[in-house]
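> take a look and give me a structure for this.
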Amino acid sequence: MSFGGLGRHRSMLIIAGYVTVDPAERDTFVEAHHDLLRRARQAPGCLDVAISADPVDPARVNNFERWKSREQLDAWRAVANAPNTGITMTHVAVSMYTATDERPPF
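Numbers count the residues shown, from 1 in each chain. Got it, this is the predicted structure:
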């Protein structure tokens, strides 16, 4: 299966990982990003985006994004206006991956 409309020479981007914050501030951190998520999901090229509380680790916030292209991600970031929560991220383990193939996992 190919990426619909991406063309032969373009790659989808996946940004995935997690950050940790003070467990007492985690829900506030996640909620502060709700508007950003709503807007990102409407942005051209956004295939999926989520910032969510981890169900096992009370300090962990999971991050996942899929974008059709680097250009569309860059265009979004130029206008995203991410919230300044004032909450310190004590650890950041988020990476960007380039995907050139897509198929069902099962």
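> surely R41 and V49 touch.
Yes. Contact criterion C-beta atoms under 8 Å: R41 and V49 qualify, at 5.9 Å. Where C-beta positions appear, they are placed from N, C-alpha and C, glycine not excepted.
> T88 in helix, strand or coil?
Under DSSP: H, G, I helix; E, B strand; the rest coil, T88 falls in the coil class.
> check what pLDDT it gets.
The per-residue pLDDT reported for T88 equals 97.
> now do F3
Looking at F3, its pLDDT stands at 46.
> name the SS class of the closest residue to I15 other than its chain neighbours, please.
Of all residues not flanking I15 in the chain, E65 sits nearest, at 4.1 Å (C-beta to C-beta, 6 or more residues apart in numbering). What three-state DSSP gives for E65 is strand.
> per-residue pLDDT, the residue most central in space within the chain?
Geometric centre of the chain, nearest residue: E65, 3.1 Å, by C-alpha atoms, centre = their mean. E65 is assigned 98 on the pLDDT scale.
> wait, it sits on D48?
Yes. Between E65 and D48 there is a contact under C-beta under 8 Å: 6.9 Å.
> got a list of contacts for stretch 90-103?
1-3, 11-22, 59, 63 (C-beta atoms under 8 Å, 6 or more residues apart in numbering).
> now, of these, which are buried?
Using 16 or more other C-beta atoms under 10 Å as the burial test, the contacts of stretch 90-103 include F3, S11, M12, L13, I14, Y18, V19, T20, V21, A59, N63 as buried.
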